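Trainee: predicted model follows, preceded by the sequence.
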Amino acid sequence: MRKKIHNNLTIENLIRTEWFKQFDELQQNEILKGLKDNLDISYYAHPYFNAWQMKEIRIGLKDNLDVSWYAKKEFDYQQMSEIREGLEDFLDVSIFAKPEISWPTMRIIKNGLEENINIYPYVEQGFKDNQLRIILLGLFNKIDVSYYDKLYFVSNVPYYITTPIIIKLLRSNIKFDKIVMMVQKELGDRLSSVPGSKEYSSITALLNYSYAIRREFKVSRNEFIPIPNVDSVVISLTPKDRIYLKDFDKYEKLLRDSFQFKRKTLRNNLRGYDLEKVGNVLATYDYDLNVRAEELDYSIFVDIANSL
């Protein structure tokens, strides 16, 4: 006996309609499979669902699941699959059935719920998938994951690009709890130097704006195989409260220009600047334009940059 469908059309008649012809072959197959299984195809027989999305909804209907959780065009078929599997496992899919959550993240949340662990609060905090997996493993093993809330940058970068990487980190706006790097000894000496020392430089002042810099320990060249030509040091950078700075780019350029010729005074190095304003700021610290850049704390350069 022929199966009747909406508007008393048989399947044979339906496939001749303009409505049915708007779907591609794969979509049509999913619609026909649903009709043959007596499913309510109104959940998915829409042109905005591709065949893979239709399939996920059809499987859910066949398994008597509440497909209203995911039969929405905002979800791609992989997200639909994760939600469907969650429903099959009787999980609380309301926790992760959200279009803004990617399917890999949904899977991590789902895996957690299967172990009665809700990892979604960590998703809200902005942790990435690889971090979420580690947090989930820690929670499963009853580890205090509060230690995982810290964000560290630990690296042994190629020495010839250390400075560009440091500047990129400064500009990234990523809130690291600490940065630990092994760098060439000469650079480490500069980064951890203080005003008035011969190692003090523009990169030192630039870093000092955001971080307290500490030289942790020296690493001899003899610790490496093959033996390099330089010694190394491990330094740590710990964030500190920043003083007000109007324009970081202007501050960086001011430092670069101030230190361009280390033996020259600011009067000579900053000839293209408003020297009256520079001099007024220096006077508040009992300096004048005849001072050299390496004698000044970073905070003075911040005040100069703000005055320009």
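Mentor: Structure received. Residues are numbered from 1 along each chain as shown.

Trainee: what are the ranges of the strands in the stretch 101-250 of the chain?
Mentor: 152-155, 178-184, 211-219, 232-239 (DSSP state E, counting those that start in this stretch).

Trainee: and the shortest one, how far out from the chain middle?
Mentor: Here the centre of mass of C-alpha atoms in strand 152-155, compared against the chain's by CA atoms, centre = their mean, to the nearest Å, lies 14 Å away.

Trainee: could you export the strands of the stretch 101-250 of the chain as JSON lines, including mean neighbour count, distance to Val145 and mean pLDDT?
Mentor: Backbone N, C-alpha and C define where each C-beta goes, glycine included. Formatted as JSON lines, those follow (neighbours: other CB atoms under 10 Å; distance: least, CB to CB, whole Å; pLDDT from 0 to 100):
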{"stretch": "strand 152-155", "mean neighbour count": "13", "distance to Val145": "15", "mean pLDDT": "87"}
{"stretch": "strand 178-184", "mean neighbour count": "20", "distance to Val145": "18", "mean pLDDT": "92"}
{"stretch": "strand 211-219", "mean neighbour count": "15", "distance to Val145": "26", "mean pLDDT": "92"}
{"stretch": "strand 232-239", "mean neighbour count": "19", "distance to Val145": "22", "mean pLDDT": "92"}
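
Trainee: mind putting these into JSON lines with distance to Asn29?
Mentor: Below are those laid out as JSON lines (distance: least, CB to CB, whole Å):
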{"stretch": "strand 152-155", "distance to Asn29": "51"}
{"stretch": "strand 178-184", "distance to Asn29": "55"}
{"stretch": "strand 211-219", "distance to Asn29": "60"}
{"stretch": "strand 232-239", "distance to Asn29": "57"}
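
Trainee: separation between Gly60 and Tyr44?
Mentor: The gap separating Gly60 from Tyr44 is 9 Å, by CB to CB, to the nearest Å.

Trainee: mind listing what's buried in stretch 50-69?
Mentor: For stretch 50-69, a neighbour-count test (16 or more other CB atoms under 10 Å) marks 50-51, 53-61, 65, 67, 69 as buried.

Trainee: I should have written stretch 260-267 there, sorry.
Mentor: Using 16+ other CB under 10 Å as the test for burial, stretch 260-267 gives Thr265, Leu266.

Trainee: give the rounded mean pLDDT of that stretch.
Mentor: The average pLDDT for stretch 260-267 rounds to 90.

Trainee: rewinding a little: nearest to Ile300, of the strands of the stretch 101-250 of the chain?
Mentor: Ile300 lies closest to strand 211-219 among the strands of the stretch 101-250 of the chain, at 17.6 Å (CB to CB).

Trainee: could you give the angle of the closest one to strand 232-239?
Mentor: 160 degrees (axes from the mean of the first three to the mean of the last three CA atoms, to 10 degrees).

Trainee: fine by me, thanks again.
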